[in-house]
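> model the structure of this input:
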Amino acid sequence: MGIANIGIPGLILIVVLALIIFGPKKLPEIGKASGQTLREFKQSAGDLVTDDDSRSPADQQEKEKTDS
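Next comes the predicted model:
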């Protein structure tokens, strides 16, 4: 039983609990903030992968030599 097996009733329960805890005015702000955080994380992760891919093999070998 993992997080992927929540289903519709579970999602409804989570939304109702979130509305009770945070209130209807704060919930959109929390959603917006979490969306921005996730977007920035994905962008940073993509930049790291792009940075590693853009290095030439000679640069990677030089880095390995200096790390050892």
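> in the longest helix along the chain, what counts as buried?
Of all segments of type helix in the chain, defined using DSSP state H, the longest is helix 27-54. Within helix 27-54, no residue counts as buried by 16 or more other Cβ atoms under 10 Å. For the C-beta atoms, the positions are set from N, CA and C on the backbone; glycine is no exception.
> so for that helix, mean pLDDT?
The average of the pLDDT scores along helix 27-54 is 86.
> what helices and strands are in contact with it?
In this structure, helix 27-54 makes packing contacts with helix 7-22, judged by 3 or more Cβ pairs under 8 Å, 6 or more residues apart in numbering; DSSP states H and E.
> any idea how far Leu13 is from Glu40?
29 Å (Cβ to Cβ, to the nearest Å).
> typo on my end, it should be Glu29
Per Cβ to Cβ, Glu29 is found 17 Å from Glu40.
> before we move on, what about Phe22?
From Phe22 to Glu40 the distance is 22 Å (Cβ to Cβ).
> check Ala18 too.
As judged by Cβ to Cβ, Ala18 and Glu40 stand 22 Å apart.
> what of Val15?
Computed as Cβ to Cβ, the Val15 to Glu40 distance reads 25 Å.
> now Val49
From Val49 to Glu40 the distance is 15 Å (Cβ to Cβ).
> repeat for Leu17
27 Å.
> could you do Leu27 as well?
Per Cβ to Cβ, Leu27 is found 21 Å from Glu40.
> swap in Ile12?
Applying Cβ to Cβ to Ile12 and Glu40 gives a distance of 30 Å.
> sorry, back to before: what angle separates the longest helix of the chain from helix 7-22?
Taking axes from the mean of the first three to the mean of the last three Cα atoms, to 10 degrees, one finds that helix 27-54 is oriented at 110 degrees with respect to helix 7-22.
> burial count for Ile6?
13 (other Cβ atoms under 10 Å).
> for it, give me the pLDDT.
Turning to Ile6, the model gives it a pLDDT of 78.
> from Ala45, how far off is the closest residue to it other than its chain neighbours?
Spatial nearest neighbour of Ile6, excluding adjacent residues (Cβ to Cβ, 6 or more residues apart in numbering): Ile14 at 7.6 Å. Distance of Ile14 to Ala45, given as Cβ to Cβ: 26 Å.
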